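Enquirer: Pasting a predicted model and its sequence here:
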Amino acid sequence: MQKKLGMLSIDMHVHTSGVSSCAKQTVEETIACKIKEGYDGMVLTNHCQSWYYAPSRVGHEKYIRSVLEEYARAVEYGKRKNFRVYLGLEVTLFNPFYADWLLYGVTEEFLENSPPLYMLSQKELFEFCEKYGVLLVQAHPFRPVPYVERVYGVGEKEYLHGIEINCSEKDTIHKDRVVAIARENGLLITAGTDYHGKPERPFVVGGAYIPENVRTSEELAGYLKGNKDLSLFFGEEEIFVRNFS
């Protein structure tokens, strides 16, 4: 990726092992890898899924605490490495169908006042996000659904703010399709790698360029929503996407 004066290169979709059981690296290991890849920051979008709430494992309050503790740990280590960390979340819903939703602009207040988000419908999740100024973006919308012979597709377009160009190798091929759907439906576009620290999960280094003065998760959501031309990158390729929201 190229370095841009006054801008930070951000991976918008990252998981770490302290919350996401499918991730293979700690926040410290993840940040070290992201710096090595050339990133200046990341959005920590750990999973919120029904199976994370099994009574034998964790309740809602404990889950929220683990998300906030993981984020605080990432921020502290990031400061030592001059690496920016923003708070996000990836929620898996089953209504209207199995799909994953990235939340940008997540705050401690949002989390502490939230119900178990995985239990909501897309409409209910959207309305709760709207209340707190959080953006709801559908993750990797054309990835095959696990154990089901179909792809996700795009959810109810009136109840989301944007869709993601995912940078895993099998998802990046859909970027033109994502841009077309965003244009047709007045949606914003984000990009991220869905990083889990797994060598068997190949991806193209990609994400978004964000101004250095965007320092908080709320400011990140405001920038994504208010900026009309967003610069995304895929390896050495840079594309400018019109924010159609």
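Expert: Sure, I can see it.
Enquirer: So which elements touch the worst-scoring helix or strand of the chain on mean pLDDT?
Expert: When each helix and strand of the chain is scored by mean pLDDT, DSSP states H and E, helix 169-172 comes last, with a mean of 76. On a contact count with 3 or more CB pairs under 8 Å, 6 or more residues apart in numbering; DSSP states H and E, helix 169-172 meets strand 162-166. Just so you know, the C-beta spots here come from the backbone N, C-alpha and C atoms, and that holds for glycine as well.
Enquirer: Show me the strands paired with the strand it packs on, marking each as parallel or antiparallel.
Expert: Strand pairing for strand 162-166, using DSSP bridges, gives strand 135-138 (parallel), strand 188-192 (parallel).
Enquirer: moving C-terminal of the longest helix seen in the chain, what's the next helix or strand?
Expert: For the chain, the longest helix by residue count, based on DSSP state H, is helix 60-80. For helix 60-80, the following helix or strand on the C-terminal side (DSSP states H and E) is strand 84-93.
Enquirer: For that next one, which helices and strands make contact with it?
Expert: With contacts taken as 3+ CB pairs under 8 Å, 6+ apart, strand 84-93 sits against strand 7-14, strand 41-44, strand 47-48, helix 60-80, strand 99-104, helix 122-132, helix 217-226.
Enquirer: quick check, distance from the longest one to the centre of its chain.
Expert: Centre-to-centre, helix 60-80 and its host chain are 16 Å apart (CA atoms, centre = their mean, to the nearest Å).
Enquirer: And for the fifth one?
Expert: On the basis of CA atoms, centre = their mean, strand 99-104 is displaced by 6 Å from the centre of the chain it belongs to.
Enquirer: any idea of the mean pLDDT in the helix or strand just after that strand?
Expert: Going down the chain from strand 99-104, the next helix or strand is helix 108-112, by DSSP H and E. Mean pLDDT, taken over the full extent of helix 108-112, equals 96.
Enquirer: What about residue 26, how many residues nearby?
Expert: Neighbourhood size, residue 26 [other CB atoms under 10 Å]: 17.
Enquirer: Report the spatially nearest residue to it, omitting neighbours in sequence.
Expert: residue 17 (5.6 Å; CB to CB, 6 or more residues apart in numbering).
Enquirer: Please apply the same query to residue 100.
Expert: Looking at residue 100 with CB to CB, 6+ apart, the closest residue is residue 139, at 4.1 Å.
Enquirer: and what of residue 220?
Expert: Counting by CB to CB, 6+ apart, the residue nearest residue 220 is residue 86, at 5.1 Å.
Enquirer: Then residue 238?
Expert: In this structure, residue 238 finds its nearest non-sequential neighbour in residue 231, 6.2 Å apart by CB to CB, 6+ apart.
Enquirer: mind checking the SS state of that neighbour?
Expert: strand (DSSP: H, G, I helix; E, B strand; the rest coil).
Enquirer: elements contacting the longest helix of the chain?
Expert: Helices and strands touching helix 60-80, by 3+ CB pairs under 8 Å, 6+ apart, are helix 27-37, strand 41-44, strand 84-93, helix 108-112.
Enquirer: contacting residues around that helix?
Expert: 16, 18-19, 27-28, 30-31, 41, 44, 46, 48, 52-53, 58, 83-85, 87, 89, 108, 111-112, 114-116 (CB atoms under 8 Å, 6 or more residues apart in numbering).
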